[in-house]
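1. here's a sequence, model it:
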Amino acid sequence: MPAVTLLLLLTACAPSPAEAWTAAQTPGLPIAEAAALCRLTGDRAASCTTEVIRNNPTARVEDCAEVVDPLWQAECAFAVAERHARKRERWAALAACGLAGRFYHECLYHAWTFEMQGAVRGSGRANSELESGRELVAYWGQLQTIGGEASETLWGDWWYFALSRNKPASLDDCTRLPEADATRCQRGTLSFVERAVATSLRETRLNPRRKSRICRGGIEEVEATFPDLYLPSEALREAALLGRARGCAEAQAIDSGRPWNPLFLEHRQWHAG
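-> Numbers count the residues shown, from 1 in each chain. All right, here's what the predicted structure looks like:
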């Protein structure tokens with residue numbers, strides 16, 4: 001019998017909700033026993049059980065059945081899917097995402113993102129890592145759960161992550177590739193620079209005065225702030241200025257959500273041909 005459960009029995013009194021929560025989170029405690037303790041936390045039972053399963057490295061998505069509340073059960077499946085995705089356990093991650101309810105779309109995007117992060121080595125130049133990108137895009141593109149041109153959308157996201165690990169970005173690298181790859185490389189490199197500047201300005205805690213100088217200044221201010229982002233060229237400087245415009249705009253003046261990311265849709269039957 002686990003020490004925590006035995007201790008509760010020996011005390012001959014029911015634990016308080018706070019004590020039950022703490023006891024449920026004991027490492028190594030079987031999930032069923034932890035869930036029983038979580039039920040003693042009252043209206044926190046669902047969040048308690050979800051936390052137990054999230055922190056248990058052996059938990060399976062089937063264990064989320066211990067969570068009664070549908071919303072927390074979906075959150076539980078999402079957490080299990082993320083753990084599988086980080087370990088590059090593709091099928092297990094996708095199966096868990098299928099049970100993630102309202103978090104299904106975000107779950108698939110996280111699974112895709114973790115796969116890319118694990119596949120990109122940071123070998124020096126992004127175009128040397130194309131073969132890993134081909135396998136990822138081929139698999140995820142055939143799922144038919146992505147809005148728009150699935151393959152091209154995924155390639156754009158792949159180039160962003162690949163270039164993030166292989167800076168500075170350079171359009172010259174694209175000229176060494178076959179035509180179809182070169183076109184994707186050019187689009188991906190321009191998008192990377194715009195997206196990197198925009199997201200950094202919007203999501204990074206910059207000194208307000210510093211951000212004001214960037215937003216009011218010229219390309220020199222942008223390049224001084226992001227010195228290793230790209231090798232200067234007219235096209236990439238234009239992309240950086242587009243990113244600055246996005247990053248400096250009022251929230252309502254830019255696209256909502258993540259305008260560059262693949263949009264994962266509800267599952268639909270795939271038909272060949």
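
2. which stretches of the stretch 101-250 of the chain have low pLDDT?
-> Along the stretch 101-250 of the chain, the parts satisfying pLDDT under 70 run over 143-149, 250.

3. the same query, at a cut-off of 90, please.
-> Along the stretch 101-250 of the chain, segments meeting pLDDT under 90 span 105-106, 108-109, 113, 115-124, 127-128, 132, 135, 137-154, 202-211, 249-250.

4. that one: helices as residue ranges?
-> With helices called from DSSP state H, counting those that start in this stretch, the stretch 101-250 of the chain shows them at 104-119, 130-141, 150-164, 179-203, 208-216, 219-225, 234-248.

5. just name the most buried of those helices.
-> Among the helices of the stretch 101-250 of the chain, ranked by average contacts under mean count of other CB atoms under 10 Å, first place goes to helix 150-164 (a mean of 22). For glycine as for every other residue, the C-beta is placed from the backbone atoms N, C-alpha and C.

6. looks like R88 contacts G118 (just checking).
-> Yes. In this structure, R88 sits in contact with G118. The criterion is CB atoms under 8 Å, and the distance is 5.1 Å.

7. re earlier: TSV for the helices of the stretch 101-250 of the chain, including distance to C64?
-> Formatted as TSV, the entries for the helices of the stretch 101-250 of the chain read as follows, by distance: least, CB to CB, whole Å:
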stretch	distance to C64
helix 104-119	13
helix 130-141	24
helix 150-164	28
helix 179-203	31
helix 208-216	42
helix 219-225	44
helix 234-248	38
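
8. for A96, find the nearest of these.
-> In this view, those are compared for proximity to A96 by CB to CB, and helix 104-119 is the closest at 7.4 Å.

9. restrict the closest one to CA atoms and write it as PDB.
-> Backbone C-alpha positions of helix 104-119 (Å, rounded to 0.1, in the frame of the first residue of the first chain) are rendered in PDB as follows:
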ATOM      1  CA  TYR A 104      -8.500  19.100 -31.100                       C
ATOM      2  CA  HIS A 105      -7.200  21.800 -33.500                       C
ATOM      3  CA  GLU A 106      -4.700  23.200 -31.100                       C
ATOM      4  CA  CYS A 107      -3.600  19.700 -30.100                       C
ATOM      5  CA  LEU A 108      -2.800  18.800 -33.700                       C
ATOM      6  CA  TYR A 109      -0.800  22.000 -34.200                       C
ATOM      7  CA  HIS A 110       1.200  21.200 -31.100                       C
ATOM      8  CA  ALA A 111       1.900  17.700 -32.200                       C
ATOM      9  CA  TRP A 112       3.100  19.000 -35.600                       C
ATOM     10  CA  THR A 113       5.200  21.600 -34.000                       C
ATOM     11  CA  PHE A 114       6.900  19.200 -31.600                       C
ATOM     12  CA  GLU A 115       7.600  16.900 -34.500                       C
ATOM     13  CA  MET A 116       9.300  19.700 -36.400                       C
ATOM     14  CA  GLN A 117      11.300  20.800 -33.300                       C
ATOM     15  CA  GLY A 118      12.600  17.300 -32.900                       C
ATOM     16  CA  ALA A 119      13.400  16.800 -36.600                       C
END
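
10. list the helices and strands that helix packs on?
-> The elements that helix 104-119 packs onto, with contact taken as 3 or more CB pairs under 8 Å, 6 or more residues apart in numbering; DSSP states H and E, are helix 70-86, helix 90-97, helix 130-141, helix 150-164.
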